[in-house]
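Q: My questions are about this predicted structure, shown below with the sequence.
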Amino acid sequence: MAQEYTKVARTDEVPPGGMKQVEIGGEVVALINVGGDICAIGGECTHAGGLLAEGYLEGESVECPLHGASFNVKTGDAETPPADEAVPLYQVKVEGSDILIARP
Ligand code: FES
(Lines give C-alpha, C1' and ligand atoms only; values in the text may rest on other atoms or scores of the structure.)
Protein backbone atom coordinates (compact mmCIF):
# COMPACT_ATOMS: atom_id res chain seq x y z
CA MET A 1 0.00 0.00 0.00
CA ALA A 2 1.30 3.46 -0.88
CA GLN A 3 2.38 5.63 2.02
CA GLU A 4 0.09 8.51 2.76
CA TYR A 5 2.05 11.74 3.08
CA THR A 6 0.67 14.78 4.87
CA LYS A 7 2.01 18.32 4.62
CA VAL A 8 3.07 19.43 8.08
CA ALA A 9 5.32 22.47 7.60
CA ARG A 10 7.28 24.63 5.18
CA THR A 11 11.01 24.30 4.76
CA ASP A 12 11.62 27.88 5.94
CA GLU A 13 10.10 26.93 9.30
CA VAL A 14 12.85 24.37 9.90
CA PRO A 15 16.21 25.94 8.95
CA PRO A 16 19.45 23.93 9.26
CA GLY A 17 20.04 23.17 12.93
CA GLY A 18 16.42 23.96 13.68
CA MET A 19 13.60 21.89 15.13
CA LYS A 20 9.84 22.27 14.99
CA GLN A 21 7.05 20.36 16.69
CA VAL A 22 4.10 19.32 14.53
CA GLU A 23 1.23 16.87 14.85
CA ILE A 24 -0.05 14.19 12.53
CA GLY A 25 -3.17 12.21 13.37
CA GLY A 26 -2.89 13.28 17.01
CA GLU A 27 0.74 12.15 17.29
CA VAL A 28 3.42 14.63 18.28
CA VAL A 29 6.34 14.71 15.84
CA ALA A 30 9.64 16.57 15.95
CA LEU A 31 10.94 17.85 12.61
CA ILE A 32 14.68 18.31 12.72
CA ASN A 33 16.98 19.81 10.09
CA VAL A 34 20.45 18.28 10.23
CA GLY A 35 22.70 20.04 7.74
CA GLY A 36 19.87 20.54 5.25
CA ASP A 37 18.42 17.06 5.72
CA ILE A 38 14.95 17.08 7.25
CA CYS A 39 14.28 14.22 9.68
CA ALA A 40 11.06 13.41 11.52
CA ILE A 41 10.91 11.38 14.71
CA GLY A 42 8.33 10.90 17.45
CA GLY A 43 8.26 14.15 19.39
CA GLU A 44 7.67 12.71 22.86
CA CYS A 45 10.51 11.20 24.84
CA THR A 46 9.89 7.55 25.70
CA HIS A 47 11.10 8.15 29.27
CA ALA A 48 8.45 10.55 30.55
CA GLY A 49 7.10 12.44 27.58
CA GLY A 50 9.52 15.38 27.33
CA LEU A 51 9.00 17.33 24.10
CA LEU A 52 12.06 16.66 21.97
CA ALA A 53 11.59 19.70 19.70
CA GLU A 54 12.18 21.79 22.83
CA GLY A 55 15.43 19.98 23.53
CA TYR A 56 18.94 20.40 22.20
CA LEU A 57 20.37 19.25 18.90
CA GLU A 58 23.94 17.98 18.97
CA GLY A 59 25.16 16.52 15.68
CA GLU A 60 22.63 13.82 14.79
CA SER A 61 21.30 13.49 18.33
CA VAL A 62 18.55 15.36 20.06
CA GLU A 63 18.63 15.63 23.82
CA CYS A 64 15.41 15.62 25.81
CA PRO A 65 14.94 18.87 27.75
CA LEU A 66 13.68 17.06 30.86
CA HIS A 67 16.24 14.48 32.01
CA GLY A 68 18.79 14.42 29.21
CA ALA A 69 18.04 11.21 27.31
CA SER A 70 19.15 11.46 23.68
CA PHE A 71 17.78 10.00 20.47
CA ASN A 72 19.29 9.56 17.02
CA VAL A 73 17.36 11.80 14.63
CA LYS A 74 17.98 9.49 11.64
CA THR A 75 16.85 6.26 13.30
CA GLY A 76 14.81 7.27 16.36
CA ASP A 77 16.99 5.00 18.52
CA ALA A 78 17.48 5.86 22.17
CA GLU A 79 21.19 6.57 22.69
CA THR A 80 21.48 7.79 26.25
CA PRO A 81 19.57 6.83 29.42
CA PRO A 82 17.19 7.33 31.11
CA ALA A 83 15.23 6.48 27.91
CA ASP A 84 15.80 2.97 26.56
CA GLU A 85 13.04 2.73 23.96
CA ALA A 86 13.23 4.24 20.47
CA VAL A 87 10.82 6.91 19.26
CA PRO A 88 9.05 6.25 15.94
CA LEU A 89 10.74 7.30 12.72
CA TYR A 90 8.58 9.00 10.08
CA GLN A 91 9.17 9.09 6.32
CA VAL A 92 9.92 12.59 5.03
CA LYS A 93 9.40 14.06 1.58
CA VAL A 94 10.19 17.64 0.53
CA GLU A 95 8.17 19.01 -2.38
CA GLY A 96 9.13 22.54 -3.30
CA SER A 97 8.91 24.39 -0.01
CA ASP A 98 6.55 21.88 1.61
CA ILE A 99 7.59 19.24 4.13
CA LEU A 100 5.42 16.13 4.04
CA ILE A 101 5.64 13.17 6.36
CA ALA A 102 4.15 9.69 6.49
CA ARG A 103 3.59 7.56 9.55
CA PRO A 104 5.84 4.57 10.07
S1 FES B 1 11.34 12.70 29.79
FE2 FES B 1 13.00 12.64 28.43
S3 FES B 1 14.65 12.02 29.64
FE4 FES B 1 12.98 12.02 31.00
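A: Happy to help now that I have it. Residues are numbered from 1 along each chain as shown.
Q: Run through the bridge partners of the closest residue to D84 other than its chain neighbours.
A: Counting by Cβ to Cβ, 6 or more residues apart in numbering, D84 lies nearest to A78, which is 5.5 Å off, once chain neighbours are set aside. In short, each C-beta sits where N, CA and C put it, glycine included. With DSSP bridges as the criterion, the beta-bridge partners of A78 are F71.
Q: Need phi/psi at G25.
A: Main-chain torsions, G25, degrees, to the nearest 10: phi 50, psi 40.
Q: pretty sure it is touching A102, no?
A: No: with contacts defined as Cβ atoms under 8 Å, G25 does not count as touching A102, sitting 10.7 Å away.
Q: neighbour-wise, which of the two wins?
A: A102 (15 against 8; other Cβ atoms under 10 Å).
Q: re earlier: look up how far the ligand lies from the residue nearest to D84.
A: Distance, A78 to the ligand, by Cβ to the nearest ligand atom, to the nearest Å: 9 Å.
Q: I'd like to know how many residues surround that residue.
A: With other Cβ under 10 Å as criterion, A78 counts 20.
Q: That one contacts T46, doesn't it?
A: Yes: contact criterion Cβ under 8 Å: A78 and T46 qualify, at 6.5 Å.
Q: Residues in contact with stretch 50-58: which ones?
A: With contacts defined as Cβ atoms under 8 Å, 6 or more residues apart in numbering, stretch 50-58 is touched by 17, 19-21, 28, 30-32, 34, 41-45, 62-67, 69-71, 73, 87.
Q: what's the span of that stretch, first residue to last?
A: End-to-end distance for stretch 50-58, by Cα to Cα, to the nearest Å: 17 Å.
Q: Please point out which parts of stretch 4-24 sit buried.
A: Residues of stretch 4-24 classed as buried: 5, 8-9, 11, 14, 19-22, 24 (neighbour count, 16 or more other Cβ atoms under 10 Å).
Q: Could you identify the most distant pair in those residues?
A: Y5 and M19 (20.1 Å; Cβ to Cβ).
Q: what's the straight distance from one end of stretch 60-70 to the other?
A: The first and last residues of stretch 60-70 sit 10 Å apart, counting by Cα to Cα.
Q: chain center to that stretch: distance?
A: Centroid separation between stretch 60-70 and its chain, computed with Cα atoms, centre = their mean, to the nearest Å, is 12 Å.
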